[in-house]
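[1] Next one to model:
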Amino acid sequence: MSEARIKPPKSLLRLVGRAIVDYDMIRDGDRILLGVSGGKDSLSLLAILRHLQTYAPVRFELGVITVDPEIPGFDPAPLKAYYGDLGIPWLYEQQPIMEQAKAHMDGDSFCAYCARMKRGIMYRLCRREGYGVLALGQHLDDLAESLLMSLFHGGQLRTMKAHYRNDAGDIRIIRPLAYCRERQTAAFAEAAGLPVVPDSCPACFTMPSRREHMKALLAREEAEHPHLFANILRAIRPLLTEGAPP
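    Numbers count the residues shown, from 1 in each chain. Next comes the predicted model:
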């Protein structure tokens, strides 16, 4: 597929552009490394950021990284040719995260353990390759699910932040899809024929997931209350800006 065909819809571009401005995510001269699992969300964000590069008032560089957790069924090989066609730098790192989780996971969900391990790998490669910004593909549905998980199971009012610095203070983390719905990225990925890797995390389908439970709960509530996610976004805005980097 030629890159010219992969043009994100205005609805997605508008929401991503608004989030970038609202949270000062992208600054002139930024070198951004985008975490791409091969799922619909990260591949959609890649197409969106590539498109923004063509007309954004600030100039930024973009590379991608895929962390392979060596889970049976996950094959990111098709992505290599895709990134080659785009002419974009691609970093690839393998680590047996599932096997490590069996040995070291203590009182944590596999998804949380995997995310934490992947984040450490991405920080390391950002430093090694000179990227000061790490972009992640979580969307509003993810933020809402995290909010409920924090409330129900952690007794805290927390969710994923839109823009923050890591503990070491040397890398900024951004989530440009913070205002977007999962159904929007799914529709775009299908319409654009993005090379989505099937079951980008097969373990999520075989291990109990609190997140899946929250997703189902939110879906039931939204069926009765169409403005549910707009209300959630309005409520969590202070959490998204909490501790925003200078």
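[2] Show me the shaky parts of this structure.
    Counting by pLDDT under 70, the chain contains low-confidence ranges at 1-5, 102, 104-110, 199-209, 243.
[3] what ranges do the helices span in it?
    In chain order, the chain shows helices spanning 10-22, 40-53, 77-86, 97-104, 110-129, 140-149, 182-192, 210-224, 228-241, with DSSP state H as the criterion.
[4] For residue 240, list the residues it contacts.
    Residues counted as contacts of residue 240 (C-beta atoms under 8 Å, 6 or more residues apart in numbering) are 23, 143, 159, 161, 162, 163, 178. (Glycine included, C-beta is placed from N, CA and C.)
[5] would CSV of the helices of the chain with distance to residue 169 be doable?
    Output for the helices of the chain, formatted as CSV (distance: least, C-beta to C-beta, whole Å):
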stretch, distance to residue 169
helix 10-22, 21
helix 40-53, 24
helix 77-86, 30
helix 97-104, 26
helix 110-129, 11
helix 140-149, 23
helix 182-192, 30
helix 210-224, 29
helix 228-241, 18
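[6] which residues touch stretch 82-101?
    Outside stretch 82-101, the residues touching it (C-beta under 8 Å, 6+ apart) are 1, 3, 33, 46, 50, 62-71, 76, 79-80, 110, 113-114, 117-118, 121, 125, 129, 195, 203.
[7] Can you flag the buried ones in the residues you listed?
    Among the contacts of stretch 82-101, those classed as buried by 16 or more other C-beta atoms under 10 Å are 33, 46, 50, 62-69, 71, 76, 79, 110, 113-114, 117-118, 121, 125, 195, 203.
[8] Centre-most residue in this structure?
    The centre of the chain sits closest to residue 137, judged by C-alpha atoms, centre = their mean, with a distance of 1.7 Å.
[9] Just the buried residues of stretch 126-138, please?
    Judged by neighbour count (16+ other C-beta under 10 Å), stretch 126-138 contains these buried residues: 126, 131, 133, 134, 135, 136, 137, 138.
[10] and the closest residue to the third one other than its chain neighbours, how far is that from residue 85?
    Setting aside the residues directly before and after it, residue 133 is nearest to residue 32 in space (C-beta to C-beta, 6 or more residues apart in numbering), at 4.4 Å. Computed as C-beta to C-beta, to the nearest Å, the residue 32 to residue 85 distance reads 20 Å.
[11] Have a look at the two and say which one is more surrounded.
    The residue with the greater number of neighbours, taking residue 32 and residue 85 and applying other C-beta atoms under 10 Å, is residue 32; the counts read 22 against 12.
[12] Let me see the contact set for the more buried one.
    When contacts are counted by C-beta under 8 Å, 6+ apart, residue 32 is found next to 26, 49, 60, 61, 62, 63, 131, 133, 134, 135, 174.
[13] Which of those fall in strands?
    Among these, the members falling in strands are 61, 62, 63, 133, 134, 135, 174 (criterion: DSSP state E).
[14] Test my guess that the first one contacts residue 31.
    Yes. Judged on C-beta atoms under 8 Å, residue 61 makes contact with residue 31 at a distance of 4.6 Å.
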